[in-house]
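Chemist: Quick one, fold the following:
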Amino acid sequence: MANETNVHWHEHSVSRAEREKLNGNSGCVIWLTGLSACGKSTIANLVDHKLHSRGIHTYVLDGDNIRMGLNAGPGMLKERHGEDFAKRFGIGFSAIDREENIRRIGAVAKLFSEAGLVTLTAFISPYRRDRDAVRASMPGDFIEIFVDAPLEVCEKRDPKGLYKKARAGEIKGFTGIDDPYEAPQKPELVLDAGKKTADALAEEVIAYLAKQGKVR
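Modeler: Numbering: from 1, shown residues only. Here you go, the predicted model:
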């Protein structure tokens, strides 16, 4: 790692193993990926609720929520910080912006997992290379789950009206319409979100975690 600014990793006094022992569960990152409106956020929140009720320490990192703070867009930053700042640090939806969006949230998710949390992420994360980079950053902790719903099903749901706007040309670079989505090649789990209920899919996620010894 280039270290031009003399930055050094600081080891914590409390180890990961000690944190996990206190929590009573292993930390990991459940990375839900799929098209907009496939059900990622709904499933993530159901898993979060079900595990929390069992006393498992969890947290959900949701795509829209992250883009309201950590990865805010230029328009959200401009008023407070100025145009130059907004252009430099704002995260949009171009390919390179999406890459940085996923890089940042991958780094945050890694910290959460090391703190002994079952960390659920709900991001379209359309590019395979970006997801693979996150996986490589946390060997053994990354669980990729493909929420598989056909484009026509997602368009029919369209709770935010985004597909309609994309079809009308009001939104450019929209995943699945005029920007690609690269499905995982070897995910740990595939959820049939076109046919099964969100609750049933959440139970599949929990069953997988239990089988892998991540939760009790």
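Chemist: drop to CA atoms for contacts and neighbour counts, all remaining ones
Modeler: Noted.
Chemist: Name the spans of the protein whose pLDDT lies under the cut-off.
Modeler: Where the chain drops to pLDDT under 70, the residues are 1-3.
Chemist: Strands along that one, start to end?
Modeler: Counting by DSSP state E, the chain has strands at residues 28-33, 58-62, 118-122, 142-148, 189-192.
Chemist: and those strands as JSON lines, adding distance to K164 and mean neighbour count?
Modeler: Shown next, in JSON lines, are those (distance: least, C-alpha to C-alpha, whole Å; neighbours: other C-alpha atoms under 10 Å):
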{"stretch": "strand 28-33", "distance to K164": "21", "mean neighbour count": "27"}
{"stretch": "strand 58-62", "distance to K164": "22", "mean neighbour count": "20"}
{"stretch": "strand 118-122", "distance to K164": "22", "mean neighbour count": "26"}
{"stretch": "strand 142-148", "distance to K164": "20", "mean neighbour count": "23"}
{"stretch": "strand 189-192", "distance to K164": "24", "mean neighbour count": "18"}
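Chemist: and those strands as TSV, adding distance to A95?
Modeler: Listed next are the strands of the chain as TSV, based on distance: least, C-alpha to C-alpha, whole Å:
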stretch	distance to A95
strand 28-33	16
strand 58-62	19
strand 118-122	18
strand 142-148	20
strand 189-192	25
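Chemist: K110 is nearest to which of those strands?
Modeler: strand 28-33 (7.2 Å; C-alpha to C-alpha).
Chemist: which helix in this structure runs the most residues?
Modeler: The single longest helix within the chain, with elements called by DSSP state H, is helix 95-114.
Chemist: chain center to it, what's the gap?
Modeler: Taking C-alpha atoms, centre = their mean, to the nearest Å, one finds the center of helix 95-114 at 8 Å from the center of the full chain.
Chemist: List the contacts of that helix.
Modeler: 16, 27-29, 61, 71, 91-92, 118-119, 121, 125, 127, 130-131, 133-134, 137-138, 141 (C-alpha atoms under 8 Å, 6 or more residues apart in numbering).
Chemist: Look at E155 and say how many residues are nearby.
Modeler: By other C-alpha atoms under 10 Å, the residues close to E155 number 18.
Chemist: Can you get me the start-to-end distance on stretch 209-216?
Modeler: Distance across stretch 209-216, first residue to last, is 9 Å (C-alpha to C-alpha, to the nearest Å).
Chemist: L117 against H57, yeah?
Modeler: Yes: at 5.3 Å, L117 counts as touching H57 under the criterion of C-alpha atoms under 8 Å.
Chemist: what residues do those two have in common as contacts?
Modeler: N23, N25.
Chemist: of the two, who's got more company?
Modeler: L117 (25 against 21).
Chemist: With adjacent residues omitted, what lies nearest to the more buried one?
Modeler: Spatial nearest neighbour of L117, chain neighbours left out: G27 (4.6 Å); criterion: C-alpha to C-alpha, 6 or more residues apart in numbering.
Chemist: And E188, by the same measure?
Modeler: E144 (5.4 Å).
Chemist: what sits against E144?
Modeler: E144 is in contact with I30, W31, L32, T33, P187, E188, L189, counting by C-alpha under 8 Å, 6+ apart.
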